[in-house]
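> I'd like to go over a predicted model; first the sequence, then the structure.
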Amino acid sequence: MSALVIRNVRIGNAARTVDMAVSGDRISAIGPDLGSGATTLEGRGAMLIPGFVESHLHLDKACILDKCHNQTGTLEGAIASVGEAKKSFTRADIHARGAKVLEKAVVQGTNAIRTHVEIDPGIGLIGFEAVLQLKQEFAWALDLQICVFPQEGLTNNPGTKELLEEALAKGADLLGGCPYTDSDPNAQIAILFEMASRFGVDLDFHLDFDLDPKWRHLDEIARQTVAHGLQGRVAIGHVTKLSAMPQPQLMEVVALLKDAGIALTVLPSTDLFLMGRGSDHLVPRGVAPAHVFHQHGVCCTVATNNVLNPFTPYGDCSLSRMANLYANIHQLGTEPELQACFDMVTCAPGRLINHARSIEAGAEATFIALPAESGMQVVSEIVRPLWGMKNGRMTFEHVPARIFAPAGSGGT
């Protein structure tokens, strides 16, 4: 007898319902009428997916609007204000704020996250140490991947390179970059590729965060990716200037990313908030058209980025909401388009962070239940998950809403 039998659920977009048996931390069987288990859970036709995957998040500088404010509303203003606030960060403070964000993510159905953590001589390794502690403490609910990066520059910030190497030696999962804040962007890129190759880790860059299509650091990233044989192991985030490119130029970049095996991550909330600040009418949206790249076989993801800070003064960690926002920005409404948006917050980021999961007999019993018929519905209605499980253990549950209509009103 299985320890748990979940009745009447649909695996992904499948039309028919099945039962699922869970024993220990594994799915032991999937099929019709599996009988009873020590415990039975009624699925009520819910759609099971492996979970939402967050490919780009900043835990160390989340929830700090009480400490700083972006006076200009620009990227430069956000970097400056957070840089000043960072001077007062402590390990306990970062840990508490990060835990608050992870709790938000868990109840929104996210069970795998790549978080970026700033490293520089000012903050040292306290952000990394706090997030490493969170990685261990929240392992029951989600898998946390830590990307350390030099937000305030590398070649212009002596001591940062050594701190990044120390963080990698102490357990950071991968290395990030931010060339647009460096006094020598190409030198930063070269140093980081050499370091990533030496430590055997992937790379994830904040890149080309502006609306000027006449220049870009992307070409150097692509060149270094191929030169170091890191195809399929490099990602770039933001790249807002892609939104300002005419179609022929954009398609050149599509080919460049596809040939170099570089993944693209778009951060709709942050990019929409920060871009176009110089316009007083016909304000540019400034969000890269990831769906175009997705259509041509580039691994593309949509992610949250920042939560309640000067870069993004919003956020509840709902990836269905983020996918919906992206669809609104790019005027996507057909079933294939909305399904692509769903894929960019589920299976595509799973591949990007090397954390793809499946729902089948013998697989890890990690999944969430959605009251929806399809990925399209999840995105169009911003569907919230009903409950989630990781390694055979329930991690969260939302009590369904109840309506109390007066007698005779026709309500239920």
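Structure's in. What do you need? Everything numeric here is computed off the predicted structure, so don't read it as measured data.
> how far is stretch 358-378 from where the chain is centred?
Relative to the chain's own centre, stretch 358-378 is displaced by 18 Å; criterion: C-alpha atoms, centre = their mean, to the nearest Å.
> Now do the helices in the stretch 1-150 of the chain.
75-85, 91-107, 126-137 (DSSP state H, counting those that start in this stretch).
> what comes up buried for the first one?
Read that as helix 75-85. For helix 75-85, the buried set under the neighbour-count rule, 16 or more other C-beta atoms under 10 Å, comprises 75, 77, 78, 79, 80, 81, 82, 83, 85. The way it works is simple: take the backbone N, C-alpha and C, and place the C-beta from them, glycine included.
> Over to stretch 243-257?
For stretch 243-257, the neighbour count (16+ other C-beta under 10 Å) marks 243, 244, 245, 250, 253, 254, 256, 257 as buried.
> Looking at it now, give me its mean pLDDT.
Averaged over stretch 243-257, pLDDT sits at 98.
> now do stretch 182-197
pLDDT averaged over stretch 182-197 gives 98.
> Please apply the same query to stretch 282-297.
Regarding stretch 282-297, the rounded mean pLDDT is 97.
> Okay, now the sheet partners of the longest strand along the chain, with direction.
Residue-count comparison of every strand in the chain, with assignments taken from DSSP state E, identifies strand 39-49 as the longest. Sheet pairing here is set by DSSP bridges, and for strand 39-49 it gives strand 4-11 (parallel), strand 367-370 (antiparallel).
> buried sites along that strand?
Neighbour counts over strand 39-49 (16+ other C-beta under 10 Å) mark 41, 43, 46, 47, 48, 49 as buried.
> Leaving out chain neighbours, which residue sits closest to the third one?
Read it as residue 46. residue 369 (3.9 Å; C-beta to C-beta, 6 or more residues apart in numbering).
> Tell me who's in contact with that neighbour.
Taking C-beta atoms under 8 Å, 6 or more residues apart in numbering as the definition of contact, the neighbours of residue 369 are 9, 43, 46, 47, 48, 385, 386, 387, 388.
> returning to that earlier point: mean pLDDT and distance to residue 303 for the strands paired with strand 39-49 - can I get that in JSON lines?
Listed next are these as JSON lines, based on pLDDT from 0 to 100; distance: least, C-beta to C-beta, whole Å:
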{"stretch": "strand 4-11", "mean pLDDT": "96", "distance to residue 303": "25"}
{"stretch": "strand 367-370", "mean pLDDT": "98", "distance to residue 303": "17"}
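> quick one: which of those strands is nearest residue 113?
Of all the strands paired with strand 39-49, the one in closest proximity to residue 113, counting by C-beta to C-beta, is strand 367-370 (14.1 Å).
> Compute the distance between residue 277 and residue 385, please.
Here the criterion is C-beta to C-beta, to the nearest Å. By it, residue 277 lies 35 Å from residue 385.
> Between those two, point out the one with more neighbours.
Summary of the neighbour comparison: residue 277 and residue 385, criterion other C-beta atoms under 10 Å, with residue 385 having more neighbours (26 against 17).
> part of a strand, is the more buried one?
No - counting by DSSP: H, G, I helix; E, B strand; the rest coil, one finds residue 385 to be coil, located in no strand.
> Excluding residues flanking it in the chain, which one is nearest it?
Nearest residue to residue 385, sequence neighbours excluded (C-beta to C-beta, 6+ apart): residue 109, at 3.7 Å.
> give the contact list for that neighbour.
For residue 109, the contacting residues are 51, 52, 319, 320, 368, 370, 384, 385, 388, by C-beta under 8 Å, 6+ apart.
> 10 Å - rerun?
By C-beta atoms under 10 Å, 6 or more residues apart in numbering, the contact set of residue 109 is 49, 51-52, 317-320, 345-346, 367-370, 378, 383-388, 395-396, 398.
> which of the residues you listed count as buried?
Among those, those classed as buried by neighbour count (16+ other C-beta under 10 Å) are 49, 51-52, 317-320, 345-346, 367-370, 378, 383-388, 395-396.
> Kindly report the domain assignment for the chain.
Structural domains of the chain, as assigned by automatic domain parsing, span the residue ranges 4-50+358-397, 52-352.
> Return the distance of the last one from the chain's centre.
Yep, that's domain 52-352 we're talking about. 8 Å.
> How about the first one?
Taking C-alpha atoms, centre = their mean, one finds domain 4-50+358-397 lying 22 Å from the centre of the chain it belongs to.
> just use 2 as the starting number from now, easier for me
All right, first residue 2 from here; so that's domain 5-51+359-398.
> gap between the two ends of that domain?
With C-alpha to C-alpha, to the nearest Å as the measure, domain 5-51+359-398 spans 16 Å from end to end.
> which non-adjacent residue is nearest residue 376?
Once chain neighbours are set aside, the closest to residue 376 by C-beta to C-beta, 6+ apart is residue 343, at 3.1 Å.
> The closest residue to residue 219 other than its chain neighbours: how many residues sit nearby?
Computed as C-beta to C-beta, 6+ apart, the closest residue to residue 219 that is not its neighbour in sequence is residue 209, at 5.8 Å. A total of 24 residues lie near residue 209 under the criterion other C-beta under 10 Å.
> and what of residue 171?
Neighbouring residues of residue 171 were enumerated by other C-beta under 10 Å; the total is 13.
> List the residues that contact it.
Taking C-beta under 10 Å, 6+ apart, we find residue 171 in contact with 126, 129, 130, 133, 147, 149.
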